[in-house]
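1. sequence and predicted structure, then a few things I'm wondering about:
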Amino acid sequence: MLQRSPNPARYTRVAVILHWSVALLVTVIGIIGLTFKRLPTMPPGYWVNLHAVLGLLFLSLVLTRILYRIGHKPPDLPGSVGAVTRTSAQALHAVFYVLMLIIAALGLVAFIWHARVFEFALFAIDLGVVKDRTIYHPAQDFHRWFAYGLLALIALHVAAALWHVLVKRDGVLRRMSLSRAT
């Protein structure tokens, strides 16, 4: 029978807030991105613009998270976590960061070279870029395919977290709990 491990080291409150904020934004942006054509009718480009503006917020949070991570080492995994799992978790997180940056950059390229204007509540930003299908079309395609890859890895990440909670019961997920952050 597996025993519940004592409280493992925890992430800082800032790291936890950044993690769950990025997770929430990925969820919202992903839903919008996957359902553009099935969402309620709004003014032309509303959902695409919302997706892009939230994408800018997402990019800024990811960059903040990376900079924060550089200066704040994550807490050690419990001793019960094996070497293969440790290496896999590190690799998966590195791929997460790379994909999140690539997806955001490709989304920006697709949006800008589609000659779209960033519409914010009180102002708009028009970069004056001429529409160029040879740029925005491949950027849009790669943005979509990398996003599918990210969503697949997120599913793997969630499955691993559930495995740690339900099977291993080793406290790994508690490290990312906001109520217990340091």
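-> Okay, I see it.

2. measure residue 86 to residue 127 for me?
-> Distance, residue 86 to residue 127, by CB to CB, to the nearest Å: 44 Å. (C-beta placed from N, C-alpha, C; glycine too.)

3. pLDDT weak spots in the chain?
-> Across the chain, the ranges flagged by pLDDT under 70 are 1-8, 180-182.

4. 80 instead?
-> The model of the chain has pLDDT under 80 over residues 1-8, 44, 179-182.

5. what about residue 159, neighbour count?
-> The tally of other residues near residue 159 (other CB atoms under 10 Å) stands at 10.

6. same question for the one 3 residues further on.
-> Residue 162 sits with 11 neighbouring residues when counted by other CB under 10 Å.

7. ditto for residue 29
-> Neighbour tally, residue 29, other CB under 10 Å: 22.

8. now the strands: where do they sit in this structure?
-> Counting by DSSP state E, the chain has these strands, from start to end: 118-119, 124-125.

9. who does the first one pair up with?
-> Right, strand 118-119. Paired neighbours of strand 118-119 in the sheet (DSSP bridges): strand 124-125 (antiparallel).

10. let's have the strands of the chain in CSV, adding distance to residue 57 and mean neighbour count.
-> Supplementary listing: the strands of the chain in CSV, determined by distance: least, CB to CB, whole Å; neighbours: other CB atoms under 10 Å:
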stretch, distance to residue 57, mean neighbour count
strand 118-119, 12, 17
strand 124-125, 14, 11
